[in-house]
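> 3D model of this:
(chains A and B)
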Amino acid sequence: MLHDLSIGELADRLAARELSSVELTRHFLARIERLNPGLNAVITVTAEEALAAAARADARLAAGERGALLGIPIIHKDIFCTDGVRTSCGSRMLDNFIAPYDATVVAKLKAAGVVMLGKANMDEFAMGSSNETSFYGPVRNPWDRTKVPGGSSGGSAAASAARLAPFSTGTDTGGSIRQPAALTGITGIKPTYGRVSRYGMIAFASSLDQAGVLAQSAADAATALKVIAGFDPKDSTSVDAQVPDYPALLNVPLKGLKIGLLREFFEGLEPRNAKLIRDALAVFTSLGAETLEVSLPHLPMSVPTYYVVAPAECSSNLSRFDGVRYGYRCEGPKDLTDLYERSRGEGFGAEVKRRIMTGTYVLSAGYFDAYYLKAQRVRRLITDDFRAAFDKVDLLAGPTTPTPAFAIGAKIDDPVTMYLNDIYTIGANLAGLPGVSAPCGFVDGLPLGLQLIGPHFAEAKLLGAVHQFQLATDWHTHRPRGYE
Amino acid sequence: MSNWEVVIGLEIHAQLATRSKIFSGSPTAYGAPPNTQADLVDLAYPGVLPVLNGEALRMAVKFGLAINARIAPRSIFARKNYFYPDLPKGYQISQYEQPVVGKGAITVLLDDGTVKSIGVTRAHLEEDAGKSLHEGLANASGIDLNRAGTPLLEIVSEPDMRSAKEAVAYMKKIHTLVRYLEICDGNMQEGSFRCDANVSVRQRGAAKFGTRAEIKNLNSFRFVEKAIHYEVARQIEVIESGGQVVQETRLYDSDKNETRSMRSKEEANDYRYFPDPDLLPLEIEESLIASVRATLPELPDEKASRFARDFALSAYDAGVLSASREMGSYFEAVVAALVTALGQPHAKLAANWVMGELSGLLNRDNLEISQSRISAEALAGLLKRIVDATISGKIAKEVFESMWSDGKSADVIIEERGLEQITDAGAIERVIDEVMAANPKQLADYRSGKDKLFGFFVGQVMKATGGKANPAQLNDLLKTKLAGGQPVSFNA
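Below you'll find the predicted structure:
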């Protein structure tokens, strides 16, 4: 079936003119129509625009143009602005917002001939780990529809896992690509902070947010990352460094690669989960890699640090949603204060409000030093821990999440337990490091993810290591039942 | 002398003269229809990001170098958070703890001729907000975001000023400086240059400052002076009647000439400043500083001391002539033309004419010196005729007026109207003789001791010659003749 093919295989068929982009697009649109109602992964379907874009891609192909992504469909997380298409960020606040421009990530993919099928559901303003905070309702995990797909890129993950598109975009502020990739059995990469432009990506926590992709394999992720990475003069925090040819760098032998096992990540990990991770690492050693245990003493402080820094930035970033220029405005405001209070009170959901309030508090006079400044200092210590670790090892490894997917509703009323779901992913965001999650087995029929973290700009090494693992294993080829 | 000492510090906002905004590509031109100069970044659309305008940074550095301040090798943009409809992001990007320009100082010349140094605590880059419009809209307010994102340099002084006059002198000096540096057009009507004044009073000799009030948004030198006067009197009255000055923000109402409370310290916003994660710390390399330094013009103080030294002018004259680059250039062009024509600068004469007659007509017609109807070369042409005694200073003023209105050269006007001075002693003597003959009574009175009548005879001779008699010559000849003697004839 077409949806079983990798991006490389699809591109080959398109190039050989055995398949048209319009046919491919129709195939995935049909899958969305049939399968999405049970998942709620896609909240806006742009069928007409998709078919038009596919026709344009076909014309380019007919003219002899070739491209790794030319004519390949995608679903974008609804955090990326898409010109002329609703960009809701999973919020009532932006339910009526038609973006007037394309995010740089979207523009780059569009220029490469990628066909957007629609926009993926997500936790409201990317704040959540289960996709239950969305104004559009929770996304269901294709492996078990009573379970969450993770978040905040839960719609993107579920869509890729259910093959509603060959791949999807996501963003990762505290694990929002890696955690849902792990819970839905796919491969997700969060690049180095600054590797991919944030322009047009609605900000949650600017110093942590990073765009990436969720795909069927490291090879597909490499193809996509090569297109979206690179310096953007519109984003001052994007890094002006050359983009390696990731797909060409996948076939590196693992011999001599030193992988550090994060002691802190295995402490208290349930034995069945720990075993899957250790089995996966055994594959790496069988391929010639060495493993050694390393410790990052400050890493256990990453969750509290994150829940000071991220809300602080979000409280300021979300101030622009005031009911004045765009987005939700309350009915009949009686004065300016009423306009602000009701537009924001009615437009934002509970989790977003909780974080805005937390963030406002930690930045307030009298609390700033004790919370914000202290968190920044701990953030530096965590970054230093990683740097010291990378003096000894090439990559760090551990689980992506403490557990497989949990039940919808199980944690939503207990924010702290929910926050702890990101305990293994947050460190990489605080330090700005690239991380990848790849499927490494199943517990009770639910996928679990192996996480690899690399030094800054080590995406090629990460993707190469996962690719070698995926050549030796078949976890990434498993399909959820009903979505084969 | 009053028992009270006034303490003033100013925060000046100078709009930087960049073509585009500080964090977006929108133009900064003044007066465009509402919201036509605001792009997605200025409107704070979801997902957009700020990118610093390098030119704004260079201008800030230029200012820092001009006041001998330290340029921070690393400075931080911070967010100042508050809600207001004309602030689209809900925060203003400014600099808080680490500004780009550190401590510096400027000097001002006070009325009594003393020079006072006034410290500049810091200067930082920030963006302006938009404007709320309340007129002409029923039951609604309009928002114009054209000004949102316009680059500002906020220049914060030390509390070094001790009178409204000093405050105005300081503000004028900064005004001169930013225009010299061509980093701000200085247009106060359009709000390109405005200030907030922190004012307090204390008993003379007290060690601690009194509680201050901040008067917002003063956009003319006159308002600064009047607002401070009012505020000082108000604070003294509060204290003398047993009350206490409260720390607050006040607004100056120029119609009523009073300040009114806007909000007290307790009502003040908690701005929750924190480093803007969208903008990396600003690293300023030595090479940037050096390249900006290379563009520094001669500064007002340097120009003034050069004028004083090279042209033997008073500190006051040198200060006035260097108050703007254009004025200084004009003056120097006049002097240069005189040197070419006469081999000497005649700087004092040139200074008097530029500061006196020329400035008078410019003021009358509300013109800048760059728009003067009389060029520096043309003025030199007139002054040349004073120096070579072709005309008297008095006639020169008439010629000057004509030059202003007709645009003709001094020589053409002198020629056309026959204004050339009479320097032929014989001719002057003949007129004197006629005048003496026509006024026998005054002559007799003069000779009997009424010396004051000398002026009468000067006047009569001048009248008879149409003012053209050489005044010095006339003086000598008249003295001798009135005394009854025969002058030793000489011809100029």
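
> what's around residue B:140, how many residues?
Around residue B:140 there are 7 other residues, counting by other Cβ atoms under 10 Å in any protein chain shown. Backbone N, C-alpha and C define where each C-beta goes, glycine included.

> same thing with residue B:256?
9.

> what helix or strand is it on?
Counting by DSSP states H and E, no helix or strand carries residue B:256.

> next up, phi/psi of it, please.
With angles defined as degrees, to the nearest 10, residue B:256 sits at phi -100, psi -10.

> residue B:206 versus that one, what's the distance?
Residue B:256 sits 31 Å away from residue B:206, going by Cβ to Cβ, to the nearest Å.

> residue B:297 now?
42 Å.

> likewise for residue B:196?
24 Å.

> quick one, which of the two is more surrounded?
Shown here are residue B:196 and residue B:206; by other Cβ under 10 Å, residue B:196 has more neighbours (20 against 12).

> test my guess that residue A:159 contacts residue A:45.
No. Contact status for residue A:159 versus residue A:45: not in contact, 11.0 Å apart, counting by Cβ atoms under 8 Å.

> who's more crowded, these two?
residue A:159 (37 against 18).

> let's see the pLDDT reported for the more buried one.
As predicted, residue A:159 sits at a pLDDT of 98.

> what sits against it?
A:36, A:39, A:41-42, A:75, A:120, A:165, A:168 (Cβ atoms under 8 Å, 6 or more residues apart in numbering or on different chains).

> so how many other residues sit close to the residue in the stretch 301-450 of chain A positioned nearest to chain B?
As assessed by Cβ to the nearest Cβ, chain B sits closest to residue A:319 within the stretch 301-450 of chain A, at 2.4 Å. Neighbours of residue A:319 under the rule other Cβ under 10 Å: 22.

> now do the helices in the stretch 351-492 of chain B.
Assigned by DSSP state H, counting those that start in this stretch, the helices in the stretch 351-492 of chain B fall at B:359-364, B:376-387, B:393-406, B:410-417, B:425-438, B:440-447, B:453-464, B:471-482.

> list the buried ones in the second one?
By neighbour count, and taking 16 or more other Cβ atoms under 10 Å in any protein chain shown as the criterion, the buried residues in helix B:376-387 are B:376, B:378-386.

> so what touches that helix?
By Cβ under 8 Å, 6+ apart, helix B:376-387 touches B:330-331, B:333-338, B:341-342, B:346, B:349-350, B:353-354, B:358, B:391-393, B:396, B:399-400, B:403, B:409-411, B:414.

> longest helix in the chain, by residue count?
As the question left the chain open, I've gone with chain A. helix A:374-392 (DSSP state H).

> can you look at chain B instead?
helix B:221-240.

> chain center to the helix or strand following it: distance?
Proceeding N to C from helix B:221-240, the next assigned helix or strand is strand B:248-253, under DSSP H and E. Distance of strand B:248-253 from the chain centroid (Cα atoms, centre = their mean, to the nearest Å) equals 25 Å.

> which elements pack onto strand B:248-253?
Secondary-structure packing of strand B:248-253 (3 or more Cβ pairs under 8 Å, 6 or more residues apart in numbering or on different chains; DSSP states H and E): strand B:213-218, helix B:221-240, strand B:258-264.

> pLDDT value on the one residue in the stretch 1-150 of chain A that gets nearest to chain B, please?
Nearest to chain B in the stretch 1-150 of chain A, going by Cβ to the nearest Cβ, is residue A:81, at a distance of 4.7 Å. What the model reports as pLDDT for residue A:81 is 98.

> ditto for the one 5 residues further on
Taken from the predicted model, the pLDDT recorded for residue A:86 is 98.

> go on, residue A:105?
Taking residue A:105 on its own, its pLDDT is 98.

> same question for residue B:17.
Reported pLDDT for residue B:17: 97.

> reformat the helices of the stretch 351-492 of chain B as a markdown table; add mean pLDDT.
As requested, the helices of the stretch 351-492 of chain B are exported to a markdown table (pLDDT from 0 to 100):
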| stretch | mean pLDDT |
| --- | --- |
| helix B:359-364 | 94 |
| helix B:376-387 | 95 |
| helix B:393-406 | 92 |
| helix B:410-417 | 90 |
| helix B:425-438 | 88 |
| helix B:440-447 | 90 |
| helix B:453-464 | 89 |
| helix B:471-482 | 87 |
